[in-house]
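Colleague: coords please:
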Amino acid sequence: MKGKDLWIKILAETSRLLLGLVFLFSGASKAVDPVGGTIKISEYLSSFGLDSLQSFSLPFAINLAAVEFTLGACMFLGVYRRYASFLTLLMMLFMTPLTLYLALYNPVADCGCFGEALIITNWQTFYKNVVLLTAAVIAFIYNQRTMAGYTFKVYWFVATFAYVYCVGFSLRNYWHLPIIDFRPYQVGVNIPDQMNIPEGASQDEYEYTFIYEKDGVQKKFNLDNVPADDSTWTFVDTETKLIKKGYVPPITDFIITTFDGEDRTEQLLSDTAGVFLLIAPRLEYANEERIDEINNLYDYAVENKLQFYCLTGSDESAVSKWIDYTGAEYPFLFVDDVTLKTMIRSNPGLMILKGGTIMGKWHYNDFPKEENLDKFVESALLKPMKDEKDVRLITNLLTFAVPLLLVWLYDYRRNRKKQKDSAETNQ
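Modeller: Residues are numbered from 1 along each chain as shown. Okay, here's the model as predicted:
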């Protein structure tokens, strides 16, 4: 291979692998948290005046993750190289101008391209997309110079399996809690620690500009040359500009109050026996299929002298309707619904605190049955419940990797046999 061809080959392969890895990561990070993806899609629709399409937010979020994941798998594994590189180029031709618009006008705080796994600014997103667009152009032009990981006969399986797997993975994380929690309210986290600012942490730095007027002419001054002692100048206004952001605690908005405004945050965080928190961002939309399990949890808490509260962002009228419908006897406290959605991706969901530490979180589909309550609570109060999720994560990774590896081995052996038979025939 000549020097020029070698460099083109290296450039094309580098572009292919970069696109494959980024799209795989982007699709997987969205699939881990489909509820978060739905919230982000809803923000986009609201920003562009498309609220009539809000009901499609969830299926769109799941399919967007699956499409990105499938394109990433095809690019990384060298499957359908021409079609995959073309579709990747089309996506980048759409996303790059869109992210430039986001950077210029900020209709949403961040693009959400990597879900909660990696949050970057709109300008950083645009610069990232410029690099990816360049890589997509190169990968498309030289797609036939890149390596094919499989033969054409099994391309259909790799692409279909990647798409179906990602949809299934998304649904699993929607029907239960995300396997990986990238938000600050992770199991094992101590909430008060996450709210504190460490000693010596960097502070916000501001630039102050003072506007004074003299003889009808206004002039700006900084702190060093402000004419405060010169009576010929008249003070007009002050401008303040943030030039460097200081340390921001991971948790800044955890405030629990009664509906009368009484703060109960410290009371719940300081309880060392164990606190059951039924979390329902909006009772109006809360799932009503687990009412018996919820009431059983409350009865257990009362019998064992443990606190039980429902935290909601709904108003008192919605609380009254919920009580009338479910017969709920537990007390209700108010928390901003955005905070509650950040705490747990389930409506309702369950969280157990002990001394301010999150001992466990559960989706309503995983609420325990009455016969399992003793074991369930004892395990939760003994230590933070992380181990089971680690096993599920490994299982899901193997579920994706093992079938692709087995198909690759089959494809490789079949192709070698075909080549050997062809060579023998030619002899």
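
Colleague: pretty sure Val407 contacts Thr151?
Modeller: No: using C-beta atoms under 8 Å, Val407 is not in contact with Thr151, being 10.5 Å away. Using the backbone N, CA and C atoms, a C-beta is placed for each residue, glycine as well.

Colleague: show me where the stretch 101-250 of the chain has its helices.
Modeller: 122-141, 155-175, 191-195 (DSSP state H, counting those that start in this stretch).

Colleague: check the offset of the first one from the chain's centre.
Modeller: So the one you mean is helix 122-141. 22 Å (C-alpha atoms, centre = their mean, to the nearest Å).

Colleague: what packs against that helix?
Modeller: Helix 122-141 sits against helix 3-32, helix 81-105, with contacts defined as 3 or more C-beta pairs under 8 Å, 6 or more residues apart in numbering; DSSP states H and E.

Colleague: buried residues in stretch 134-146, which are they?
Modeller: If you call a residue buried by 16 or more other C-beta atoms under 10 Å, then stretch 134-146 has these buried ones: 135-136, 138-140, 142-143, 145-146.

Colleague: so what's the spatially closest residue to Ser314 that is not a sequence neighbour up against?
Modeller: Spatially, and ignoring its direct neighbours in sequence, Ser314 is nearest to Leu283 (4.4 Å; C-beta to C-beta, 6 or more residues apart in numbering). Shown in contact with Leu283 (C-beta atoms under 8 Å, 6 or more residues apart in numbering): 312, 314, 318-319, 321-322.

Colleague: C-alpha coordinates for the host helix or strand of Tyr325, CSV please?
Modeller: Element membership for Tyr325 (DSSP states H and E) is helix 316-326. Output in CSV follows, covering the C-alpha atoms of helix 316-326 (Å, rounded to 0.1, in the frame of the first residue of the first chain):
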residue,chain,number,x,y,z
GLU,A,316,-53.5,20.2,47.8
SER,A,317,-56.5,19.6,45.5
ALA,A,318,-54.6,16.8,43.7
VAL,A,319,-53.6,15.4,47.1
SER,A,320,-57.2,15.3,48.3
LYS,A,321,-58.3,13.4,45.1
TRP,A,322,-55.5,10.9,45.7
ILE,A,323,-56.5,10.3,49.3
ASP,A,324,-60.2,9.9,48.3
TYR,A,325,-59.3,7.4,45.5
THR,A,326,-56.6,5.4,47.4
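
Colleague: ok, and what's touching that helix?
Modeller: With C-beta under 8 Å, 6+ apart, helix 316-326 has contacts from 259, 280, 282-284, 286, 288, 291, 294-295, 312, 314, 328, 332.

Colleague: okay if I get the helices of the stretch 101-250 of the chain as a markdown table plus distance to His363?
Modeller: Rendered in a markdown table, the data for the helices of the stretch 101-250 of the chain read as follows (distance: least, C-beta to C-beta, whole Å):
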| stretch | distance to His363 |
| --- | --- |
| helix 122-141 | 30 |
| helix 155-175 | 7 |
| helix 191-195 | 20 |
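
Colleague: quick one, which of these is nearest to Gln54?
Modeller: Among the helices of the stretch 101-250 of the chain, the nearest to Gln54 by C-beta to C-beta is helix 155-175 (16.7 Å).

Colleague: the residue nearest the centre of the chain: what's it in contact with?
Modeller: Per C-alpha atoms, centre = their mean, the C-alpha nearest to the average position across the chain is that of Glu116, at 2.7 Å. The contact partners of Glu116, by C-beta under 8 Å, 6+ apart, come to 29, 33, 36, 182-183.
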